[in-house]
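Novice: Could you work out the structure for the sequence below:
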Amino acid sequence: MASEVHHPLFARFFTWFSEKMEPELGPYRSELVSGLSGRILEVGSGNGMNFAHYGKGVTEVVALEPEAYMREKAAESATRVAPKIMTVDGNATALPFEDDSFDHVVACMVLCSIDDPATALREARRVLKPNGQLHFFEHVRAGSPAKARVQRLLDDSRIWPWVAGGCHCSRDTVGSIEAAGFQISQVRDETIGVKWGHTNPHVIGCASPHTSA
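Specialist: Below you'll find the model as predicted:
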């Protein structure tokens with residue numbers, strides 16, 4: 001299924017920028033996937049910056065990336081690391097996988113740019129095994145009302161999403177995860193880069209499907 005996501009300029013900038021940011025972001029990427037084992041789905045894998053952080057307990061990583069240039073870079077990254085990684089085209093809102101087929105789902109800097117994050121999160125829950133977990137590292141809406149208003153203005157104006165490949169900076173991602181039928185087991189706020197930047201704060205954590213949802 002073709003994903004029809006095309007951000008050629010942003011994809012090239014992101015590939016360059018993510019490499020420059022790896023000294024700061026690398027420890028968070030390692031924490032995000034620390035101790036994972038079994039079969040992993042990484043939604044929106046970008047250019048594959050997380051791949052080198054997966055441990056020996058991982059038997060397979062299925063890396064879903066709808067942007068062609070970044071998927072190509074992810075495939076190149078996959079050849080340089082130890083775990084078995086398969087890069088595939090696809091959209092997070094209609095995952096081409098069977099129910100209960102992954103031990104973990106990883107979302108890293110991606111829920112901000114998905115058109116329908118609520119549907120994507122429900123899809124993530126569908127493909128997770130009953131005892132599986134969602135692991136997330138995302139930038140989210142600020143707790144400060146003044147800053148949150150600025151974030152909403154940037155999103156509503158469509159200026160920031162257009163410049164940043166569909167990114168939105170005012171999303172309540174933790175609330176969306178809970179609304180999709182997950183129970184947050186751990187979450188922590190972090191500041192990455194410039195504290196007053198519109199893409200701060202960040203959150204890192206994990207969640208498990210509600211058994212009754």
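
Novice: When you work out contacts or count neighbours from here on, use the C-alpha atoms and nothing else.
Specialist: Will do.

Novice: quick one: pLDDT of the closest residue to D99 other than its chain neighbours?
Specialist: Closest residue to D99 in three dimensions, ignoring its sequence neighbours and counting by C-alpha to C-alpha, 6 or more residues apart in numbering: V127, at 4.4 Å. Note for V127: predicted pLDDT of 98.

Novice: Equivalent analysis for V194, please.
Specialist: Value for V194, per-residue pLDDT: 88.

Novice: ok, now the one 4 residues further on?
Specialist: At H198, the pLDDT value in this model is 93.

Novice: Would you mark the buried spots in the longest strand along the chain?
Specialist: Using DSSP state E to define each element, the chain has its longest strand at strand 128-139. Across strand 128-139, burial judged by 16 or more other C-alpha atoms under 10 Å covers L128, K129, P130, G132, Q133, L134, H135, F136, F137, E138, H139.

Novice: helix or strand right after that strand?
Specialist: Using DSSP states H and E, the next helix or strand after strand 128-139 towards the C-terminus is helix 145-157.

Novice: ok, residues contacting that next one?
Specialist: Helix 145-157 has contacts (C-alpha atoms under 8 Å, 6 or more residues apart in numbering) with R141, A142, W160, P161, H168, C169, S170, H198.

Novice: The first one and P201 touch, don't they?
Specialist: Yes - checked against C-alpha atoms under 8 Å, the pair R141 and P201 is within contact range at 7.1 Å.

Novice: List the contacts of S185.
Specialist: With C-alpha under 8 Å, 6+ apart, S185 has these contacts: G205, C206, A207, S208.

Novice: Do a quick rundown of the helices in the chain.
Specialist: Under the criterion DSSP state H, the chain contains helices at 8-33, 68-78, 117-127, 145-157, 159-163, 173-179.

Novice: Which of these sits closest to G46?
Specialist: helix 68-78 (5.2 Å; C-alpha to C-alpha).

Novice: buried residues in that closest one?
Specialist: Quick answer for helix 68-78 (16+ other C-alpha under 10 Å): A68, Y69, M70, R71, E72, K73, A74, A75, S77, A78.

Novice: Ok, stretch 184-200 next?
Specialist: Buried, per 16+ other C-alpha under 10 Å, within stretch 184-200: I184, E190, I192, H198, T199, N200.
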